[in-house]
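S.K.: Sequence first, then the predicted structure, then my questions.
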Amino acid sequence: MRLRRPLLLAAVFSAIAFAVVPNARATRFADQPCPESGPGAVRICPDGVVGQSYAIKLAGDAGCGPALPYQYRVLNGTLPPGVSLSQDGELSGVPTSAGNWDFWVELSDQDPPSASWCIPKKSQREFLIRVGIPAATIGTPYSFKLGAGVVGAQAWSIVSGVLPRGLTLDPVAGIIAGTPEAAGSFALTFSVLENGGKSATLDFTLTVYPELVFATARLEPARIGQRFRSRVRTIGAVGAVRFRVLSGHFPIGVRLDGNAGVIRGQPRKRGVFRFTIQAQDSLGRLVQRPFQLAVR
C-alpha cells in the first residue's frame, strides 16, 4: 500500500510534463487547385494564357489551427510576369509572357496561437504554372512575340513542328505573325540563341479556331397575332454563345432570348422590321449580321 503514493505522484508529474511539451504541427498545402505531380514533387497549377485573366486561390491545411486564414509568400523563383501572389494565397493577374514558370511558396499560420501545446511549423513547396500563347482564328490577323522573358535573344528557329499555313516566324524579333488559313492544334518547339552563346528551347501549342460566323441567313416571315419562334445559329463558336440586338428593333410583342439565340413572341403590327444581331463566344470573339423580319 505504501507504493501507491509514489506511483500516483509519478503519474501526475508525467501528465503535467506531457501537457507542457510543445507539439510541432506543420502546415501543408491542400491538393487543389495545384495537385502534386508525384509524391513530394512540384505542384502543377492550372495553365494560363498570355493576355487572359488568371485567378486561383491556394489552400492550406493542418498547422496549429484554428488560427485561420493562413498566409503565403513567394520564397524564390519567378511568377509569370503579370501575375502576383497575395498574402491570403490568391494567384491572380494577366500573364504577359509565355513559358513555364516555377517558384517556391511558404505557407504558415497567420496568427498562430500562444498555447504551449503547439509550435507552428511552416511549409515550403515548389509550384509550376505553364503559360501558353494566345489562340488564333482563321482569317483574322495574328501577331505574338515569343520570349518576353528571354534576355538578349539573337535568333529564333523552329526545331519541331510546323506553323499553321499563313503564319511565319521572324527569326530576329521572335514574332509569329500573319493570317492563319487552317484550323487545328499545332505543337511547336522553338529554339532561341541568347547573347553569350547560350541556347534554350520553349514548347508551345498554338490553337487556330475556325472563323465565327452566322449559320442563319434569313428569318421566316411571321403572322400578326400568331406565335412566332425562330432561332439564329452560329458555327465555329467556342463555348457558349451570347446574342444581343446591336441596332434596329423587333416588332412589338417579339423579343430575343440572348442565351439561346431564339426570337419569339406574338407580333402585333404588320411591316418589315430590320435589325442587326451580334454574337459573342466564350473567347470574346464577335460577329454580327443584319436580319429582317416580315410580319404579314
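M.R.: In hand now; what should we look at? Numbers count the residues shown, from 1 in each chain.
S.K.: which residues does Phe103 contact?
M.R.: Residues in contact with Phe103 (C-beta atoms under 8 Å, 6 or more residues apart in numbering) are 74-79, 126-127. Heads up, the C-betas are built off the backbone N, CA and C, glycines and all.
S.K.: host element of it?
M.R.: strand 99-109 (DSSP states H and E).
S.K.: May I have the predicted confidence score for the closest residue to Asp102 other than its chain neighbours?
M.R.: Leaving out its chain neighbours, the residue that sits closest to Asp102 by C-beta to C-beta, 6 or more residues apart in numbering is Leu128, at 4.7 Å. Model confidence at Leu128, given as pLDDT, is 94.
S.K.: do the one 5 residues further on as well
M.R.: Residue-level confidence at Ile133 comes out at 92, pLDDT.
S.K.: Backbone dihedrals for Thr140, both of them.
M.R.: phi -110, psi 130 (degrees, to the nearest 10).
S.K.: in this structure, which ranges drop under the pLDDT threshold?
M.R.: 1-26, 63-68, 110-121, 148-153 (pLDDT under 70).
S.K.: quick one on the thing from earlier: so the residue nearest to Asp102 versus Gly38, what's the distance?
M.R.: 12 Å (C-beta to C-beta, to the nearest Å).
S.K.: Could you do Arg244 as well?
M.R.: From Arg244 to Gly38 the distance is 48 Å (C-beta to C-beta).
S.K.: The two: which has the busier surroundings?
M.R.: Legend: neighbour count by other C-beta atoms under 10 Å for Arg244 and Gly38, higher for Arg244 (12 against 7).
S.K.: mind listing what that one touches?
M.R.: 256, 258, 277-278.
S.K.: Can you give the contact residues for stretch 168-177?
M.R.: 133, 141-147, 150, 153-158, 163, 167, 178, 190, 192, 206.
S.K.: Return the members of those residues classed as buried.
M.R.: 133, 142, 144, 146-147, 150, 153-154, 156, 163, 167, 178, 190, 192, 206 (16 or more other C-beta atoms under 10 Å).
S.K.: what about Ala62, distance to Arg125?
M.R.: On the measure of C-beta to C-beta, Ala62 and Arg125 end up 13 Å apart.
S.K.: who's more crowded, the two?
M.R.: Remark: of Ala62 and Arg125, Arg125 carries more neighbours, 19 against 16, as counted by other C-beta under 10 Å.
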